[in-house]
Structures are given as structure tokens and as C-alpha cells.
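Trainee: Requesting a structural model of the entry that follows:
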Amino acid sequence: MMEAATSLESRALAETTEDEVRSVFATYGLPLVSTPARPRALRLRRLRVTGLRTGAVAPGKFDSTIRFNDGVTALVASNLRGKTSVLELVTWCLRGAPRELQTGVRHWLSHLDLDVVVAGQPLGFRLDLENGEVASALVLACPDVDRLAGTRLSVPEDGIVPLRKLSSQMRQFDAMSSVSGVLPRIAAR
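Mentor: Numbering: from 1, shown residues only. So this is what the prediction gives:
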């Protein structure tokens, strides 16, 4: 009822009566109290990163997987060991672009896999990268998030189906906005 009080208090600024405010709300079928937003939980399950690291610190091929179990996952390491990069890689998959991922790190990457559950729907984001840019991307859906861990492709007989597939012909921004555009539709279910 706090929001109704706020709406009714703001009527004083508009020099109108409480009854006039109630009438306008009723005319348009608006409640004086807003309904709470539906929960749109996001649960990270697995992040896999592969590529070829260059430079002085541990150069060579890498294939790293982080599993996010129920509860809290802590990323603990000394400085310059990739904690922020992990967050940027998750952001890349979910939002369409990394915010501040170092250029050098971007060029190390060849594959990025993120498995999540959004509003109860398991999703797998699969990015293939070349020279720090998305070459192709695939968003997979399936009934069980654990099934996504073993594949980068659609496997319809296992219930793993593509929601979006994007090729290198698309500009990166268009491709990733299209991939991340899947999330609002799923969250709205």
C-alpha cells in the first residue's frame, strides 16, 4: 500500500484530489498498488573456456571449466589471475558483449560455453571466437541443464534444441544482440 500512498501524495503536486486520482486509475484498470515482478532467477551452472594463451604468464593451450553449484561460488586467486575475466565472460554470453575484457585475453579465446537456468529454463550459450570476435554463436535449450555440459551442438534426440544460431556473416553486435534477445522472452514466461 506504500506505492498507493506515494501515488496519492504526488497528487498534491498536480493540484488534484484523491478521488480524481482514484478515478483515473480505475478508468485505465490500473491498481493503486503495483503487483510484484515475477521472479526471474538466473542460476549459473557451468562456464568452459578454451583457447591459446600467449605472453609471459603460463603460455599455451588451455581448457578450463568452472562449475557453479547451488549456494555461493567464490573465485579466489591473487591479482591478475582472471577473476574479473570470469565475470566478463559470463556478461559476454548473457548481454552480448564483454564490458571491459582485456583485448589480449579476448584474443586468447577460441570457445566459450555457458550453461545457465533462466526462470526455470536450462540454456546453453556456445560462442566460437576468432581474433577476439564472435565467429558464430548458438543458444541451446533442453529440459535438463546437466545434459548441456557434454555438447556444443543441437542433439534433438536428447532434447537439446537450438533457439538461435548465428553465423560469421552477421556483425558481432547484431549477432550477440540477437542471442541475448532470447533471455527476455524466456524470462517473460
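Trainee: pLDDT score for residue 142?
Mentor: Here, the pLDDT recorded for residue 142 equals 93.
Trainee: I'd assumed residue 157 was in contact with it.
Mentor: No - using CB atoms under 8 Å, residue 142 makes no contact with residue 157, being 11.3 Å away. Heads up, the C-betas are built off the backbone N, CA and C, glycines and all.
Trainee: Compare these two (neighbour count), which wins?
Mentor: The neighbour comparison of residue 142 against residue 157 (other CB atoms under 10 Å) goes to residue 142, with 21 against 6.
Trainee: Who are the contact partners of the residue nearest to the more buried one when sequence neighbours are not counted?
Mentor: Distance criterion CB to CB, 6 or more residues apart in numbering; nearest residue to residue 142, sequence neighbours excluded, is residue 160 at 4.3 Å. Contacts for residue 160 (CB atoms under 8 Å, 6 or more residues apart in numbering) come out as 124, 140-142, 147-148, 151, 153-154.
Trainee: In the chain, which helix is the longest?
Mentor: helix 83-95 (DSSP state H).
Trainee: residues in contact with it?
Mentor: Residues contacting helix 83-95 (CB under 8 Å, 6+ apart): 42, 44, 47, 49, 66, 75-77, 97-102, 105, 112, 114, 116, 125, 127, 176, 179-180, 183.
Trainee: and if we set it to 6 Å?
Mentor: Residues external to helix 83-95 that are found in contact with it (CB atoms under 6 Å, 6 or more residues apart in numbering): 75, 77, 98-99, 101, 105, 112, 114, 125, 180.
Trainee: If any of the contacts of residue 160 are buried, put those into a PyMOL selection.
Mentor: Here is the PyMOL command that selects only those of the contacts of residue 160 that count as buried (16 or more other CB atoms under 10 Å):
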select buried, resi 124+140+141+142+147+148+154
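Trainee: Among the contacts of residue 160, name the ones in strands.
Mentor: Using DSSP state E, the subset of the contacts of residue 160 located in strands is 124, 140-141.
Trainee: Burial check on residue 66, number of neighbours?
Mentor: Residue 66 has 16 neighbouring residues, counting by other CB under 10 Å.
Trainee: excluding its backbone neighbours, what's nearest it?
Mentor: The shortest distance from residue 66 to any non-neighbouring residue, by CB to CB, 6+ apart, is to residue 47 (4.7 Å).
Trainee: And the pLDDT for that neighbour?
Mentor: 95.
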